[in-house]
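> Task: produce atomic coordinates for the following.
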Amino acid sequence: MVTACGGSGAIREIDRLVLLLGDSPRSLVEVADHAAERQDVQMAPRLSPLLPRPIGFAHRGARAHAPENTLEAFDLALRLGATGLESDVWVTSDGVAVLDHDGEFGRWPKKQMIADATRSELPDHIPSLAEFYDHVGTDHEVSLDVKDVASFQAVLDAARNAGGTAEEHLWLCHPDYEQLRDWREHTSARLVDSTRLSKIKGGAERRANELRNLGIDAVNLRITDWSGGLVAVFHRFDRIAFGWDAQHHREIATLIDAGIDGVFSDHVDRLVETIRQFFPEES
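This next block holds a predicted model:
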């Protein structure tokens, strides 16, 4: 097995991988594209994550392979090796937390908002959070984008009723970190500031310090916002760093090489393959 490592001697190791894999890739990231198909090549990230290994979140389930946000998609994601599942959560008019991206159903001109409908009025393909936990269990990392703040209590009720370690493995994402601050005292779930770099006023270091002071556990940015230096800033304040919209081996490898703690992708097969190249599973 050949290992490509950061630090002293890294260029020499990368050159050896280039010769081994061919096609003259010029960087560690490009090598990863080839390594994802070569089980005899192991990579090592240039920077280390805070978590023991990055979480591979299946975005809306395995949506590149099955209808998004369905039990079928979540089940397939786990079978493909995802270590986390991601979805968006809304609440019905009768107080049931359900998983859907847009928060509406039906076809124009008869579209209806989930918030205005009862659970029984929703189409069968939209699962409730309770049904989700019944189907996949409570041992997986679950990231929920809280699209309707009114769903917060319904989410907690579903996770707590599911029992086990559901709340412990729950990550609640929202674009307003002041809203997250208000939730902090009500749950042991991890809270995630889901934003864009352009919306962070006052700089990343100031935001990282604010998140630490407010007890907000993580920040989630699009892949194009991240760099190794930016990851290091949040890690310096012990804040976990997630990256989303990484769809190809090269993009996923870029994030992992920068020390990211979790990656969101539609392509679970690529996600799992690339993470395993950097963090082989124990036998």
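> Quick one: the strands in the stretch 51-200 of the chain, in order.
Using DSSP state E, counting those that start in this stretch, the strands of the stretch 51-200 of the chain run over 55-59, 84-91, 97-99, 104-105, 112-113, 141-146, 170-174, 190-194.
> Among these, which comes closest to Tyr133?
strand 141-146 (8.5 Å; C-beta to C-beta). C-beta here means a position set from N, CA and C on the backbone, and glycine is covered the same way.
> quick one: contacts for Leu191?
Contact analysis of Leu191 by C-beta atoms under 8 Å, 6 or more residues apart in numbering lists 171-172, 174, 180, 183-184, 215-218.
> if we go to 6 Å?
Leu191 is in contact with 172, 180, 216-217, counting by C-beta atoms under 6 Å, 6 or more residues apart in numbering.
> can you check Pro175 too?
Taking C-beta under 6 Å, 6+ apart as the criterion, Pro175 is in contact with 194-195.
> What distance do you get for it to Asp225?
Distance, Pro175 to Asp225, using C-beta to C-beta, to the nearest Å: 14 Å.
> one step back: need the contacts of Leu191 in TSV (columns: pLDDT).
Output for these, formatted as TSV (pLDDT from 0 to 100):
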residue	pLDDT
Leu172	98
Leu180	98
Ile216	98
Asp217	98
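> Which one of those residues is nearest to Trp244?
Leu172 (15.1 Å).
> what are the bridge partners for that closest one, then?
Beta-bridge partners of Leu172, counted by DSSP bridges, are Leu144, Leu191.
> shaky segments in the protein?
Across the chain, the ranges flagged by pLDDT under 70 are 1-42, 282-283.
> residue boundaries of the helices in the stretch 101-250 of the chain?
129-136, 152-162, 177-183, 204-214, 228-236, 249-257 (DSSP state H, counting those that start in this stretch).
> Dump these to CSV, plus mean neighbour count.
Output for those, formatted as CSV (neighbours: other C-beta atoms under 10 Å):
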stretch, mean neighbour count
helix 129-136, 19
helix 152-162, 19
helix 177-183, 17
helix 204-214, 17
helix 228-236, 18
helix 249-257, 25
